[in-house]
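Peer 1: pasting the sequence and the predicted model now:
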Amino acid sequence: MNEQKMNVLNLKTSPKAFDAGLITPFRVFNTNGAETDPAHEENILLSIVLPVHNEEDNLERLYDEIMHVMTEYMYDYEIVFVDDGSNDGSSEVLKTLVEKNYRVSKRRFTPIFSARG
């Protein structure tokens, strides 16, 4: 059985840094929580799950930054954008990204309300 290494992509950004074009570098952690050097890892499979709420102006730049890293390190990856009720056109931008790259998917978060009685 081929054992997959599980790693977590820790993307830390702040809105001000993002707007200034100063994206904090990506960091990769192994399953034990220890930071690891991506250049020395093989067969990394990443699932990047990103919450989205009214981020129309930032989504393409974020996608481009992620793609730069995925290409540079040749990671096997998927990107899942979770739209949390955006009403600014984020959904249309996400649709374009999904059509551009088969490894990108979009989900719509729908809260579940229960009746209390």
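Peer 2: Everything's here; your move.
Peer 1: longest helix of the protein?
Peer 2: With secondary structure taken from DSSP state H, the chain has its longest helix at helix 59-73.
Peer 1: export that one to PDB, keeping only CA atoms.
Peer 2: Once non-C-alpha atoms are left out, helix 59-73 reads as follows in PDB (Å, rounded to 0.1, in the frame of the first residue of the first chain):
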ATOM      1  CA  LEU A  59      -9.800  36.100  -5.000                       C
ATOM      2  CA  GLU A  60      -7.800  36.200  -8.300                       C
ATOM      3  CA  ARG A  61      -4.600  37.500  -6.600                       C
ATOM      4  CA  LEU A  62      -5.000  34.900  -3.900                       C
ATOM      5  CA  TYR A  63      -5.500  32.200  -6.500                       C
ATOM      6  CA  ASP A  64      -2.400  33.400  -8.400                       C
ATOM      7  CA  GLU A  65      -0.200  33.300  -5.300                       C
ATOM      8  CA  ILE A  66      -1.400  29.800  -4.400                       C
ATOM      9  CA  MET A  67      -0.700  28.700  -8.000                       C
ATOM     10  CA  HIS A  68       2.800  30.200  -7.900                       C
ATOM     11  CA  VAL A  69       3.600  28.000  -4.900                       C
ATOM     12  CA  MET A  70       1.900  24.900  -6.300                       C
ATOM     13  CA  THR A  71       3.800  25.200  -9.500                       C
ATOM     14  CA  GLU A  72       7.200  26.000  -7.900                       C
ATOM     15  CA  TYR A  73       7.100  23.000  -5.600                       C
END
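Peer 1: for that helix, what does the pLDDT average out to?
Peer 2: If you average the pLDDT over helix 59-73, you get 92.
Peer 1: what packs against the very next helix or strand once past that helix?
Peer 2: Along the chain past helix 59-73, the next helix or strand (assigned with DSSP states H and E) turns out to be strand 76-83. Under the contact definition 3 or more CB pairs under 8 Å, 6 or more residues apart in numbering; DSSP states H and E, strand 76-83 sits against strand 44-52, helix 59-73, helix 90-100, strand 104-108. From N, CA and C alone the C-beta is placed, and that goes for glycine too.
Peer 1: great, nothing more from me.
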